[in-house]
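Peer 1: Next input, structure requested:
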Amino acid sequence: MTPRPGDRILVSACLLGVNCRYDGGEKRHDGVIAHLREHALVAVPVCPEQLAGLPTPRPQTEFSEGDGAALLANRGRVTSIHGTDMSRRFIQGARETLKVAQICACTCALLKERSPSCGVRQIYRRGQIVSGMGVTAALLEQNGLRLMSEEDLARE
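Peer 2: A predicted model of the protein is given here:
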């Protein structure tokens, strides 16, 4: 399903230039902003980690086991660089993001690739880039949202 002009689309806030990343920075992506304007889409900025109540900045996290889909099935784990299990918080952030999508009637999401929350096709696991989904991406997909990353825009 292709979004139509005026449709609301969830967007990773960091891609819009919001300083919400773990390091306090952002990953503004001019291609994302151009895509939103070109297609007259209404961006609904989200940061699942902030929606979970995590501070910015915060310790870097990655998967130590599985990916987002595995975590939602109690077979994965997200840990901070200090070894703290962050799985419960990441699930909480995913659930809050899904609520926002439902409230705003979003059917699509444009998310930050390789994020432990938002990765659409790739994540970090134990320091390596591997195939997999972030926790929020997996939950959104399980609930019928169409997902794309900023890297998909370069392929269009």
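
Peer 1: in this protein, which residue is closest to the centre?
Peer 2: The residue lying closest to the centre of the chain (C-alpha atoms, centre = their mean) is residue 118, at 2.0 Å.

Peer 1: where's that one relative to residue 6, distance?
Peer 2: Remark: distance between residue 118 and residue 6 (C-beta to C-beta, to the nearest Å) = 24 Å. Bear in mind the C-beta positions are built from the backbone N, C-alpha and C, glycine included.

Peer 1: on that earlier part again, who does the spatially closest residue to the residue nearest to the centre of the chain that is not a sequence neighbour form a beta bridge with?
Peer 2: Leaving out its chain neighbours, the residue that sits closest to residue 118 by C-beta to C-beta, 6 or more residues apart in numbering is residue 111, at 3.7 Å. Counting by DSSP bridges, residue 111 is bridged to residue 149.

Peer 1: ok, residues contacting the helix ranked longest in the chain?
Peer 2: Identified as the longest helix of the chain according to DSSP state H is helix 87-103. Under the contact criterion C-beta atoms under 8 Å, 6 or more residues apart in numbering, helix 87-103 has outside partners 10, 44, 46, 48-54, 61, 68, 71-72, 76-79, 106, 109, 116-117, 135-136, 138-140, 143, 145.
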